[in-house]
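J.: pasting the structure only:
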Ligand SMILES: CC(C)(COP(=O)(O)OP(=O)(O)OC[C@H]1O[C@@H](n2cnc3c(N)ncnc32)[C@H](O)[C@@H]1OP(=O)(O)O)[C@@H](O)C(=O)NCCC(=O)NCCS
């Protein structure tokens, strides 16, 4: 449930307003990011997932609103393919449009860097994320059996793909 009244504007306008900023994730962000991660996921990434992503040179981003952490994302790029590994919005700001804003920003950035396709995996049980991805233009192209840990064993991962328009 969104607890902040955020105007539904185009991402560019929100970013240009200066209240929301997306910047490269740094080591100094990791305590905060890891804390949020643990509050968002039953099976969260550990701090080393994030620090390894930084060390590997993946695209890792933090979104801040008025200076406070609002979300973060990690994207691995290989040749002309981008792979979205993590997209998260802090709980109190979910449903305000920030996930869509960040996804849009990531996709436009991947395209600008020569990406032609973006992939991701999502749990079938994650209705909000599925809805975001489907309405953004992602389509399911495969299924990875038992991809995720789950309370009662494992859960499949739906592989989704979106072509990045020129
Ligand atoms: C998934 C997540 C990134 C979406 O970000 P968000 O800021 O909450 O979503 P937005 O407000 O941008 O909404 C985007 C779309 O998601 C869907 N959505 C958002 N909240 C919803 C809800 N409560 N119920 C159903 N669909 C919802 C809608 O399709 C919405 O589009 P619309 O508002 O145009 O109808 C965010 O909820 C999150 O971090 N969840 C926990 C971590 C997670 O699951 N990450 C994704 C892993 S694959």
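T.: Looks like it came in fine. Quick caveat, the model's predicted, so the values are computed rather than measured.
J.: Shouldn't residue 63 be within a helix?
T.: No. Residue state for residue 63 (DSSP: H, G, I helix; E, B strand; the rest coil) corresponds to strand; a helix is not indicated.
J.: ok, it - contacts?
T.: Shown here is residue 63, whose contacts under the criterion C-beta atoms under 8 Å, 6 or more residues apart in numbering are 20, 21, 22, 69, 70, 71, 72, 73, 89, 98, 101, 102. (C-beta placed from N, C-alpha, C; glycine too.)
J.: which non-adjacent residue is nearest residue 66?
T.: Once flanking residues are discounted, residue 66 sits nearest to residue 19: 5.8 Å by C-beta to C-beta, 6 or more residues apart in numbering.
J.: so where do the helices sit in this protein?
T.: Listed in chain order, the helices of the chain (DSSP state H) span 11-17, 30-40, 47-55, 98-112, 127-136.
J.: What is the burial count for whichever residue of the chain sits closest to the ligand?
T.: Among all residues of the chain, residue 99 sits closest to the ligand, at 1.9 Å; criterion: C-beta to the nearest ligand atom. Here the neighbour count serves as a burial measure; for residue 99 (other C-beta atoms under 10 Å) it reads 23.
J.: which regions of the chain sit below the pLDDT cut-off?
T.: In the predicted model, the chain carries pLDDT under 70 at residues 1-12, 166.
J.: Mind doing that once more with 50?
T.: Counting by pLDDT under 50, the chain shows low-confidence ranges at 1-3.
J.: So which residues on it come close to the ligand?
T.: Within the chain, the positions near the ligand by C-beta under 6 Å from any ligand atom are 40, 87-89, 94-100, 122, 126-129, 131-132, 135.
J.: List buried members of the residues you listed by neighbour count.
T.: Among those, those classed as buried by neighbour count (16 or more other C-beta atoms under 10 Å) are 40, 87, 88, 89, 94, 96, 97, 98, 99, 122, 129, 132.
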